[in-house]
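**Student:** Provided below are the primary sequence and the corresponding predicted coordinates.
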Amino acid sequence: MLLKDERNPFYRNEDRHRRYEEGTRSPLEVRDAFERDYGRIIHSFAFRRLQAKKQVIGTDAGDLHRTRLTHSMEVAQIARGIALFLNRTATELPEGEKIDISLVEAAGLAHDLGHPPFGHEGEQSLNRAMAHYGGFEGNAQTFRILTRLEGKKGEGLNLTRGLLLAVMKYPILYEEARGKKINSQASHPPKTSAYGNDHEAYSWALSPFTKQEKRFLMETMSWEDGYRRTVRKPFECSIIELADDIAYSTHDLEDAVNLKLVDLHELCEILSQEPWAHSYAEIKDALRLAQQLKYGQDSFLHQLKQVFALLISVFVNHITVEKMGEEIFSKRLRFQAVLPPELKKLNQHLKQIVHERVIQSTPVRVLAWKADRVVRLIFEAMMNDKRLLPVPDRRRITEHNEDEAFHARVVCDYIAGMTDPYALKVYDSLYGTGKVSY
């Protein structure tokens, strides 16, 4: 159900608060706080830039595969489906206390805003470049965009606390997750939701929770790479994470099959395995349809989409709510959305195919190598000469007395906001077209 009653007790009043006061709303305004968040994200520059940032396959590989923008839209749509399903079926959500659909959709649209050009390869390159200046991580950059960089400078989009919590996948500061050891050659950054220099906005988002709730939410475990990693997230964020995993394991695999990077028989082989092959009607139907598919037939793209629509349905319609916290906790901390173990295993199998056959493929690895070089050399150039930056950024660096760490963060923010084609254009303008081609 689309519950838009602002008295919905599933959310506290603090969830609708914004960090900065705003003017009086028009008496004609019919949108609630979360619907206005949705609008602000849709109309942001950062959201539009996602159209030219790669998802898994490079942006020049064709005109049908997903980009980071279409991926974000599909995550929002899947998250909406999950929330509607849970609002109707979960006994943990009694009448009148439901997940807000606009909040979940807005969080789905916003969850990848912080991804730099070239995806995870760009993220790793920026993190290495920023090793001594506070690091870089896509989720933390999303939080920074929402609370500082977009909209009014220094204030961001001034979204509700509810929305900021819904994208807080790893509720820990970068420096706390990384620890004291700085590794400028790290293959990937620690998982985090905010940088140390964004701690004020981060603390504001968490401020309504009690000390016990904060300890519960921010509990960490040691990871094999030496980082600290959180083990919990707010309820809506668990929905976004599932929607993200479902989109990755279905939509990205659909692109891979269509581009013949993954063969149909491999997909059929996975769908025919136990324990899921004969336990779910949707999987049996998807397998039957996939076995009938042939490249080149007139209805191939339509039929392929139906296969993956069935798989998305089986994932969405079997998600349940699991109680994680104490009764005294906020409902947004007390619950998590979870997949049954066998469907979680299927999801992992499908994601593994994408990883092995697409992400580790030679064309994608070639692009990854180029991406690292492009991002690294742009960063080096702009650190060596601030005049390569836009005038407002140069002025800010001067106002901060040429502080090196501040300079680095300004350069990092600028590069992180670039689209893939624009990063290549900047690289070519600095170094010429002979070094890197796309």
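**Tutor:** Sure thing, it's come through. Numbers count the residues shown, from 1 in each chain.
**Student:** now residue 280, nearest residue through space, not along the chain?
**Tutor:** residue 314 (5.0 Å; C-beta to C-beta, 6 or more residues apart in numbering). For every residue, glycine as well, the C-beta is placed using N, CA and C.
**Student:** wait, a strand at that neighbour?
**Tutor:** No: Residue 314 is assigned helix when assessed by DSSP: H, G, I helix; E, B strand; the rest coil, not a strand.
**Student:** you'd agree it is up against residue 284?
**Tutor:** No: the criterion here is C-beta atoms under 8 Å, and residue 314 misses it with residue 284 at 9.8 Å.
**Student:** between the two, who's got more neighbours?
**Tutor:** Taking other C-beta atoms under 10 Å, residue 314 and residue 284 do not tie; residue 314 has more neighbours (21 against 17).
**Student:** contacting residues for the residue nearest to residue 280?
**Tutor:** Listed by C-beta atoms under 8 Å, 6 or more residues apart in numbering, the contact set of residue 314 reads 280, 282-283, 286, 343.
**Student:** want to try CSV for those, with secondary structure, pLDDT and neighbour count as columns?
**Tutor:** Shown next, in CSV, are the contacts of residue 314 (DSSP: H, G, I helix; E, B strand; the rest coil; pLDDT from 0 to 100; neighbours: other C-beta atoms under 10 Å):
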residue, secondary structure, pLDDT, neighbour count
280, coil, 91, 22
282, helix, 93, 18
283, helix, 93, 22
286, helix, 93, 23
343, helix, 95, 21
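**Student:** closest one to residue 203 out of those residues, please.
**Tutor:** When the contacts of residue 314 are compared for distance to residue 203 (C-beta to C-beta), residue 343 comes out closest, at 36.9 Å.
**Student:** and the gap between that closest one and residue 119?
**Tutor:** Using C-beta to C-beta, to the nearest Å, we find residue 343 at a distance of 26 Å from residue 119.
**Student:** same thing with residue 171?
**Tutor:** Residue 171 is 23 Å from residue 119, by C-beta to C-beta.
**Student:** three-state assignment of residue 185?
**Tutor:** Residue 185 - assigned by three-state DSSP - is coil.
**Student:** tell me if I'm right that it and residue 129 touch.
**Tutor:** No: counting by C-beta under 8 Å, residue 185 does not reach residue 129; the two are 11.4 Å apart.
**Student:** more crowded one of these two?
**Tutor:** residue 129 (22 against 6).
**Student:** residues contacting the nearest residue in space to the more buried one that is not next to it in sequence?
**Tutor:** Sequence neighbours aside, residue 379 is the residue nearest to residue 129 in space, at 4.4 Å (criterion: C-beta to C-beta, 6+ apart). Applying C-beta under 8 Å, 6+ apart, we find residue 379 in contact with 125-126, 129, 411-412, 415.
**Student:** state the pLDDT value of residue 379.
**Tutor:** Per-residue confidence (pLDDT) for residue 379: 98.
**Student:** just the contacts of residue 314 now: which is nearest residue 163?
**Tutor:** Closest to residue 163, out of all of the contacts of residue 314 and judged by C-beta to C-beta, is residue 343, at 28.2 Å.
**Student:** which strands and helices lie in contact with the helix or strand bottoming out on mean pLDDT in the chain?
**Tutor:** Least confident helix or strand, the chain: strand 220-222 with a mean of 89, by mean pLDDT, DSSP states H and E. On a contact count with 3 or more C-beta pairs under 8 Å, 6 or more residues apart in numbering; DSSP states H and E, strand 220-222 meets strand 228-230.
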